[in-house]
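S.K.: The following comprises the amino acid sequence and a computationally predicted model.
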Amino acid sequence: MTPEAQPPARPALPREFPLADGEGAVAIAASRHLDAPVVGSHIDLFLGPDSAAAHDRDARVARAYRLPLAAFAADAPIAGSYEAVALEPHRSEYLTLDSPRELSDGRGRVEPILRESGRALVRGSMFEAFWGRWRARGVRIDAARWSIELLRMNDES
């Protein structure tokens with residue numbers, strides 16, 4: 001490929017929380033990604049800055065994980081432990097998505113099922129996120145795979 005035929009380089013990603021280690025307020029979102037070529041239908045779980053709405057919609061500021069469809073019911077997580085795949089950082093738009101949309105290039109359809117504010121702790125190969133009565137705990141298995149546990153916290157806590 002000649003230099004003039006190469007696509008433009010992506011700008012460097014800001015390595016700020018939650019893409020980098022830290023603790024604080026986050027936006028938490030999940031979407032059903034239907035009819036995705038190659039990988040099939042699944043859930044995308046996102047953790048991003050709590051100021052997501054203020055970001056450029058195309059800014060890649062959200063951590064993203066691919067979970068099986070079994071991880072969520074209609075609009076809430078299903079408690080359990082799931083193997084997940086870490087994805088490249090996603091656009092802030094996914095943190096505030098409020099209606100279904102078709103993805104470009106025949107990549108399927110996304111339907112938002114969760115949009116919450118919460119808190120998270122991110123440390124290297126693990127994260128914990130809390131919202132409402134839910135907690136997500138992720139631990140890296142290898143370069144791409146994670147184990148993510150979705151837990152409903154006790155009403156007494």
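M.R.: Good, I have the coordinates.
S.K.: tell me the centre residue of this structure?
M.R.: Geometric centre of the chain, nearest residue: Phe46, 1.8 Å, by C-alpha atoms, centre = their mean.
S.K.: from what I can see that residue touches Leu67, true?
M.R.: No - applying C-beta atoms under 8 Å as the test, Phe46 and Leu67 come out as separate, 11.1 Å apart. Using the backbone N, CA and C atoms, a C-beta is placed for each residue, glycine as well.
S.K.: secondary structure element for the residue nearest to Arg60 when sequence neighbours are not counted?
M.R.: Closest residue to Arg60 apart from its sequence neighbours, by C-beta to C-beta, 6 or more residues apart in numbering: Pro89 at 4.2 Å. Here Pro89 is covered by strand 80-91, with elements defined by DSSP states H and E.
S.K.: What of Phe127?
M.R.: Using DSSP H and E, Phe127 maps to strand 126-131.
S.K.: what's in contact with that strand?
M.R.: Here strand 126-131 makes contact (C-beta atoms under 8 Å, 6 or more residues apart in numbering) with 18, 26, 28, 47, 63, 116-121, 135-140, 153.
S.K.: if you set the cut-off to 10 Å instead, what comes out?
M.R.: 18, 21, 23, 26-28, 45, 47, 63, 65, 77, 114-122, 135-140, 146-151, 153 (C-beta atoms under 10 Å, 6 or more residues apart in numbering).
S.K.: What's the ChimeraX line that selects buried ones from these?
M.R.: This is the ChimeraX syntax for the buried subset of the contacts of strand 126-131, where burial follows 16 or more other C-beta atoms under 10 Å:
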select :18,26,27,28,45,47,63,65,77,114,115,118,120,121,122,135,136,137,138,146,148,150,151
